[in-house]
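Peer 1: Pasting a predicted model and its sequence here:
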Protein chains: 2
Amino acid sequence: MKAIVLREPEGPKNLRYEEVEIPKPKADEVLIKLHYAALNRRDVFISYGRYPRTKLPSILGSDGAGEVVARGENVKNVEEGSRVVINPGLAWGDQEAHPGPNFHILGMPVDGTFAEYVVVPAAQVYPKPEHLTWEEAAALPLAGVTAYRAVVTRGQVQAGETVLISGIGSGVALYALQMALAKGANVYVTSGSDEKIERAIRLGAAGGVNYRKEGWVKRLREMIGGADLIVDGVAGPGFTQLIEVTNPGGRIVSYGATNGSVPELIMRGVFSRQMDIRGTTMGSPRDFANMLELYAKHQLRPVIDRRYPLEEAAEAMLRMEQGLNFGKITLKIVDS
Amino acid sequence: MKAIVLREPEGPKNLRYEEVEIPKPKADEVLIKLHYAALNRRDVFISYGRYPRTKLPSILGSDGAGEVVARGENVKNVEEGSRVVINPGLAWGDQEAHPGPNFHILGMPVDGTFAEYVVVPAAQVYPKPEHLTWEEAAALPLAGVTAYRAVVTRGQVQAGETVLISGIGSGVALYALQMALAKGANVYVTSGSDEKIERAIRLGAAGGVNYRKEGWVKRLREMIGGADLIVDGVAGPGFTQLIEVTNPGGRIVSYGATNGSVPELIMRGVFSRQMDIRGTTMGSPRDFANMLELYAKHQLRPVIDRRYPLEEAAEAMLRMEQGLNFGKITLKIVDS
């Protein structure tokens, strides 16, 4: 089969489109013929070797959707021919509050979805939501479950609340926007791009501010008053401003730190507001199932940024690395 | 009456023991003849003018217990002669999650308990717990409600959990220790003093480490594994180590920052643990009532550090300022 293989941790440029062997499902696994895959920022990090358990060579990719074409002898609940989407969070464990010690993510250290075929434990596959195309279904898993856990499970969003989503344009941020809107919240966004803010407003955001412009915090406060829930994957120096616009009793859910550590945490700002900073990453199998249900119930559709053929995965990754995307970048594997 | 009056914001040394007029209760207020008062770190801050709404001259003091000797014409539910303890959190408002805009604390900007008499709204008084002396009852309010909200309402301590309380010796930390033990947790402590750790162990702590000693984080981790709940009023540079010993899915409840801001918040440590940092300060009327109930149910008694006569309040404040106390410092106002 064809696959995108990481041989040296030298970034997207050195990813190779190669012929490799089709993997064989073990007793509890299924073999999936993939229709589409999708990119995540994680893939970019991994391509530079910034992952503690880097294994080389590896096939990247956490997101995918396709058809089950073979199954191990113990698999009972998944039929051959099933049209499925893959939950990329493997071995979450038995606690809802946090993953167990064996938790890992499809696409490193185990071979992922940037390939014609992938094997995963049968428990990881879920029926493809009927209202979604193959491409949309493939775009949903990792960022969708991350956003669901951030907004619903950890963020406990309530109808009528004011929600702020920072860095709109990333997959997680856009899913968070859709979910918070579906739950009846008033949602505002920040971005370094006026165009991305405009697009978010067309998707239902009530407004947004550009954090590259002078006085953005003041403008944000005038616009929203204060936020009951902030969903942030950025951290870095701007985190202090997020605390400043949090309402008393509010919460910031943090799912990432693309801008690095917070240079100073003014704890007085946290305790005087009686607010929470809640960390989250990925999601449990229950989060994944609930996320699919929410998307089906509200007939939500992922925002697709751009589609590349599988062999152009390196170019697709460069687009993600540069933060040019608004929505998910997908890889087309078969015509469908 | 005699009272401790702050005239210039120059610290404990300049507090004066003066003759002032006995205050008169307004329609919804009661006049209390105080038996004992107790000190809080807040009083020290205020004595330096480090309070946004400093009003001079003022009578300091948030904690007190005594007898109702007069009442305003609208007061129905509190009899003269009632033996009461005062909830020092005034005008909390109607939200449990956070205080409202008019929230303030007895002892600045309104006159407090370092005096022979004090007036408070009748809604602020609660029957003195019968198992406590006047001195113990007076020692409980501010630190007790703060600890209750930190450990129970915000910390959601569960039986069998591992709890770490930093900076043992302060009033809040010791109440947090007692409450966490009463709720069935295994409680560990940190302190800069071996003697304070020993005393905490005699009160029921399972162990503790001295954060002034090399390698304390490693020793703490060997001792406790990891903490499900950390109750911290210190913040500052050591906060990073608290994150490092938090279990996945755990939480740190922060009720203060005596060591200042956290110089760097490594957000990856927060989100990879799926942990919470929860800010809290003071507590609602419900927290106060629940705290008294917990102390009665388990027949808990405040730890008293040292007793001073009212006229020596300045000296008592210096002891607190130097952090020498283990437990509450009280002021005796009448012989009882």
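Peer 2: Happy to help now that I have it.

Peer 1: Enumerate every residue touching A:Leu15.
Peer 2: Going by CB atoms under 8 Å, 6 or more residues apart in numbering or on different chains, A:Leu15 touches A:4-6, A:47, A:60, A:313-314, A:317. All C-beta spots, glycine's among them, are computed from the backbone N, C-alpha and C.

Peer 1: surely A:Leu203 meets A:Ala180?
Peer 2: No - counting by CB atoms under 8 Å, A:Ala180 is not a contact partner of A:Leu203; they are 11.2 Å apart.

Peer 1: Who has more neighbours out of those two?
Peer 2: Neighbour comparison, A:Leu203 and A:Ala180: the larger count goes to A:Ala180, with 28 against 17 (by other CB atoms under 10 Å in any protein chain shown).

Peer 1: With A:Gly107 as the reference, measure out to A:Val44.
Peer 2: Remark: distance between A:Val44 and A:Gly107 (CB to CB, to the nearest Å) = 12 Å.

Peer 1: Repeat that for A:Asp94.
Peer 2: Relative to A:Gly107, A:Asp94 is positioned 24 Å away (criterion: CB to CB).

Peer 1: When the two are compared, which one has more neighbours?
Peer 2: The residue with more neighbours, out of A:Asp94 and A:Gly107, is A:Gly107; 26 against 6, by other CB under 10 Å.

Peer 1: any idea how far that one lies from chain B?
Peer 2: Distance of A:Gly107 to chain B, given as CB to the nearest CB, to the nearest Å: 18 Å.

Peer 1: what residues are up against that residue?
Peer 2: Residues near A:Gly107 by CB under 8 Å, 6+ apart: A:42-43, A:46, A:58-62, A:88, A:113-114.

Peer 1: can you map out the helices along the stretch 51-200 of chain A?
Peer 2: With helices called from DSSP state H, counting those that start in this stretch, the stretch 51-200 of chain A shows them at A:134-139, A:141-148, A:171-182, A:194-202.

Peer 1: pLDDT of the shortest one, averaged?
Peer 2: Taken as a whole, helix A:134-139 carries a mean pLDDT of 98.

Peer 1: Repeat that for the last one.
Peer 2: For helix A:194-202, the mean per-residue pLDDT is 98.

Peer 1: Where does pLDDT dip in chain A?
Peer 2: Along chain A, the model assigns pLDDT under 70 to residues A:336.

Peer 1: For it, which residue occupies the most central location?
Peer 2: Central residue of chain A (CA atoms, centre = their mean): A:Ala143, 1.4 Å from the mean position.

Peer 1: Surely that one is in contact with A:Lys328?
Peer 2: Yes - applying CB under 8 Å, one finds A:Ala143 in contact with A:Lys328, separated by 6.9 Å.

Peer 1: Now the common contact residues for the two.
Peer 2: Listed as contacting both A:Ala143 and A:Lys328 by CB under 8 Å, 6+ apart are A:63, A:171.

Peer 1: For the contacts of A:Gly107, give me a markdown table that also has distance to B:Val119 and neighbour count.
Peer 2: Formatted as a markdown table, the contacts of A:Gly107 follow (distance: CB to CB, whole Å; neighbours: other CB atoms under 10 Å in any protein chain shown):
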| residue | distance to B:Val119 | neighbour count |
| --- | --- | --- |
| A:Arg42 | 62 | 23 |
| A:Asp43 | 66 | 30 |
| A:Ile46 | 66 | 23 |
| A:Ser58 | 73 | 23 |
| A:Ile59 | 75 | 23 |
| A:Leu60 | 70 | 28 |
| A:Gly61 | 70 | 32 |
| A:Ser62 | 64 | 26 |
| A:Pro88 | 63 | 25 |
| A:Thr113 | 71 | 35 |
| A:Phe114 | 73 | 32 |
